[in-house]
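> could you work out the structure for the sequence below:
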Amino acid sequence: MKDHYQVLIIGGGTAGLTVASKLALMPNAPDMGLIEPSSKHYYQPLWTLVGAGVFDRSVTERDERDYVPAGVDWIQDRVDTFDPDNNTVTTASGDTISYDYLIVTAGIQIDWDAIPGLKESVGKPGTGVCSNYSWETVNSTWENIKNLKSGTAIFTQPSTGIKCAGAPQKICYLAEDHFRRSGIRNNINVKFISGTGSIFGVKKYADSLNRVIDRKGIEASYNTELVALRPDSKEAIFEPVGGGDQIVMKYDMIHVTPRQSAPDFIKKSKLAASTGWVDVDQHTTQHVRYPNVFSCGDSSSMPTSKTGAAIRKQAPVLVENLLAAMAGRPLTGHYDGYTSCPLVTGYGTLILAEFGYDKQPQETFPFDQSEERYSMYALKAHGLPRIYWHGMLRGRA
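Residues are numbered from 1 along each chain as shown. Next up, the predicted model:
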């Protein structure tokens with residue numbers, strides 16, 4: 001580790017590794033350091049299918065060191081504070097590192113303690129509380145689904161921004177499909193309860209998903225937030241978004257999507273917008289106040305769904321504009337908000353939603369992607385992981 005880098009990258013997740021790899025492939029690659037505390041890297045989009053019993057979670061795990069590009073210094077530490085006025089960061093170990101250019105790709109923070117009763121019960125045998133949102137808890141989802149024979153299964157989504165906004169409903173559809181295939185669907189009341197205002201933000205796909213919900217007989221509620229769990233009595237406490245009387249629901253299993261936010265070390269820094277995310281121009285990825293700072297991925301303020309597909313389009317724009325800034329040229333790279341949500345609707349069926357800031361579809365394939373298809377399920381289960389490991393993280397896709 002050195003005390004100064006031409007380019008310092010914060011976070012070695014999807015966005016950080018993709019950007020680092022693209023820069024490392026340049027003929028005159030900048031001198032780069034990457035700060036990332038984790039020794040493991042996870043392909044999290046597959047955790048939905050792990051939670052549904054399709055894959056073992058081990059297929060989603062790799063060693064971080066195998067994906068840090070050659071020539072990039074991996075600093076296995078975490079950031080404590082930013083000082084963008086003096087172009088430095090301080091790590092948890094107390095080291096101060098300066099930079100010419102800073103790229104913040106620190107991901108999203110899972111706020112497990114924001115819902116009383118969740119942290120101490122999630123993933124624990126006998127509680128009925130599970131979540132696909134961590135390596136440690138994802139196996140508990142399948143344990144709960146396969147062992148439930150009757151009762152009430154609840155699936156929640158918070159009103160906060162989350163990574164992969166479609167994930168909470170995907171596991172609901174898969175669980176319902178498992179119950180039906182097992183001949184016990186009539187014994188189980190399946191509920192999807194979301195703090196958002198609708199099933200999906202793009203009408204074309206929302207219409208299809210509402211038909212899926214109707215066909216499956218799922219009881220869906222919106223603008224309703226999970227605020228607490230009572231694991232001992234297996235009760236979930238909900239409140240209407242915006243205020244109102246609490247609603248108490250009994251459950252036999254509950255899949256909780258925890259609230260999520262910008263990492264605390266970003267929230268408390270001068271880089272943060274009022275929302276806590278890194279305050280960048282939504283088209284250029286450049287910080288609105290510090291021109292030598294860029295950000296993409298989940299920790300950025302760009303108002304699009306937080307997905308790997310969004311990063312795949314954001315990263316080339318960031319790299320193009322970073323190089324332009326380093327050369328003193330105008331920033332011409334433009335990101336239009338593209339993102340993709342592969343919405344699994346059952347074992348072997350998927351709706352592939354693709355859209356931009358304007359909430360209009362930007363579909364890749366020459367057919368109606370709002371229809372459920374096996375081909376799109378196969379793409380998610382088998383194609384996209386290969387593109388991720390061998391393309392994106394290597395800077396080639």
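> only C-alpha atoms from now on, for both contacts and neighbour counts.
OK.
> wait, isn't W142 in contact with G51?
Yes. If you go by C-alpha atoms under 8 Å, W142 and G51 touch, sitting 4.8 Å apart.
> so between the two, which is more surrounded?
G51 (27 against 23; other C-alpha atoms under 10 Å).
> what confidence value was assigned to the more buried one?
G51 is assigned 98 on the pLDDT scale.
> tell me how many other residues crowd S208.
Using other C-alpha under 10 Å, the number of residues around S208 comes to 16.
> contacting residues for the residue nearest the centre of the chain?
Nearest residue to the geometric centre of the chain (C-alpha atoms, centre = their mean): K163, 2.3 Å. Residues counted as contacts of K163 (C-alpha atoms under 8 Å, 6 or more residues apart in numbering) are I108, D298, S305, K306, T307.
> would you point out the most distant pair within the residues you listed?
Spanning the widest gap among the contacts of K163 are I108 and S305, at 12.2 Å by C-alpha to C-alpha.
> looking at these two, which is more packed in?
Legend: neighbour count by other C-alpha under 10 Å for I108 and S305, higher for S305 (26 against 20).
> check contacts around that one.
Here S305 is in contact with K163, C164, A165, T339 (criterion: C-alpha under 8 Å, 6+ apart).
> now the second one. Nearest residue, chain neighbours left out?
What it means is C164. Once flanking residues are discounted, C164 sits nearest to T307: 5.3 Å by C-alpha to C-alpha, 6 or more residues apart in numbering.
> still on that earlier bit, let me have the contacts of S305 in TSV, extended by distance to A15 and pLDDT.
Formatted as TSV, the contacts of S305 follow (distance: C-alpha to C-alpha, whole Å; pLDDT from 0 to 100):
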residue	distance to A15	pLDDT
K163	13	93
C164	14	91
A165	17	92
T339	14	97
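> measure L23 to R215 for me?
As judged by C-alpha to C-alpha, to the nearest Å, L23 and R215 stand 48 Å apart.
> cool, and A273?
In terms of C-alpha to C-alpha, A273 sits 42 Å off from R215.
> who has more neighbours, those two?
Just comparing A273 and R215: by other C-alpha under 10 Å the higher neighbour count belongs to A273, 18 against 9.
> in the stretch 151-300 of the chain, which spans are helices?
For the stretch 151-300 of the chain, the helices defined by DSSP state H, counting those that start in this stretch occupy 167-181, 203-216, 264-267.
> quick one: list the elements packing against the first one.
If contacts are counted by 3 or more C-alpha pairs under 8 Å, 6 or more residues apart in numbering; DSSP states H and E, helix 167-181 sits against helix 47-51, helix 138-147, strand 151-157, strand 188-194, strand 339-346.
> the shortest one too?
When contacts are defined as 3+ C-alpha pairs under 8 Å, 6+ apart, helix 264-267 sits against strand 79-83.
> any buried residues in the strand it packs on, and which?
By 16 or more other C-alpha atoms under 10 Å, the buried positions in strand 79-83 come out as V79, D80, T81, F82.
> equivalent analysis for stretch 228-239, please.
For stretch 228-239, by 16+ other C-alpha under 10 Å, it's A228, L229, R230, P231, K234, E235, A236, I237, F238, E239.
> can you tell me the SS state at the closest residue to the fourth one other than its chain neighbours?
For P231, the nearest residue in space outside its immediate sequence neighbours is T127; the separation is 6.0 Å by C-alpha to C-alpha, 6+ apart. Secondary structure of T127, reduced to three states by DSSP: H, G, I helix; E, B strand; the rest coil: coil.
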